[in-house]
Every structure is written in C-alpha cells, then in structure tokens.
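> here is my input, please return the structure:
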Amino acid sequence: MEWVQVITIVLVVLLGIIYNNKRIDDLRVDMNKRIDDLREDMNRRLDRIEGKIEKIESLLMSFLKEKARL
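Next comes the predicted model:
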C-alpha cells in the first residue's frame, strides 16, 4: 500500500469523525432545548397548582374561622 492511499484513508476517517461529532453536537443542542422547554412547562404547571392550593387553603381557613365563631 502506498502512502497516498494511507493518507487518503486516514483523511476519510477523520472527516467521518468530524461529521459525526457535528451531528452529536446538533443532537445535544436539540436535547437541551427540549429539556428547557419541559422545565418551563413543568414550572408553569407547578405555579398553577400552587395557586390552587393557596386558594383552597384560604377557603379552608375561612371555613374553620367561621366554625370557631359558632
């Protein structure tokens, strides 16, 4: 095998590695965006649930104060 063939094979392998690394980076960026979107959605849902819990707690306290007066 001549050095030209060896160099050609090595260059093709290196280009393949570089291409695959780029694809992995693209996948990582996409996954990070999806995780951020999921985190944002979960925070909105938890805020909504906390608001409902606070409202129920307020109603329950009002009810208990009303009962204590009787």
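> now stretch 46-64: average pLDDT?
Per-region confidence: stretch 46-64 scores 97 on mean pLDDT.
> just how off-centre is it within its chain?
The offset between the C-alpha centroid of stretch 46-64 and the centroid of the whole chain comes to 29 Å, using C-alpha atoms, centre = their mean, to the nearest Å.
> pull out the buried positions in stretch 16-23.
Neighbour-count burial for stretch 16-23 flags no residue at all (criterion: 16 or more other C-beta atoms under 10 Å). C-beta coordinates here come from the backbone N, C-alpha and C atoms, glycine included.
> contacting residues around it?
Outside stretch 16-23, no residue is within contact range by C-beta atoms under 8 Å, 6 or more residues apart in numbering.
> please save the CA atoms from that stretch in CSV.
C-alpha atoms of stretch 16-23 as CSV (Å, rounded to 0.1, in the frame of the first residue of the first chain):
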residue,chain,number,x,y,z
GLY,A,16,-16.2,10.9,9.2
ILE,A,17,-15.3,11.5,12.8
ILE,A,18,-15.6,15.3,12.4
TYR,A,19,-19.0,14.9,10.7
ASN,A,20,-20.3,12.5,13.4
ASN,A,21,-19.1,14.9,16.2
LYS,A,22,-21.1,17.7,14.5
ARG,A,23,-24.2,15.5,14.4
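> what segments of the protein are helices?
For the chain, applying DSSP state H gives helices covering 3-69.
> need the residue closest to the centroid of it.
Note on the chain: the residue nearest the mean C-alpha position is I35, at 1.0 Å, using C-alpha atoms, centre = their mean.
> identify the residues contacting that one.
So I35 contacts nothing (C-beta under 8 Å, 6+ apart).
> okay, it: pLDDT?
Value listed for I35 in the pLDDT field: 97.
> kindly report the same for W3.
89.
> distance of it from I9?
Per C-beta to C-beta, to the nearest Å, W3 is found 11 Å from I9.
> more neighbours: which of the two?
Per other C-beta atoms under 10 Å, whichever of W3 and I9 has more neighbours is I9, with 11 against 7.
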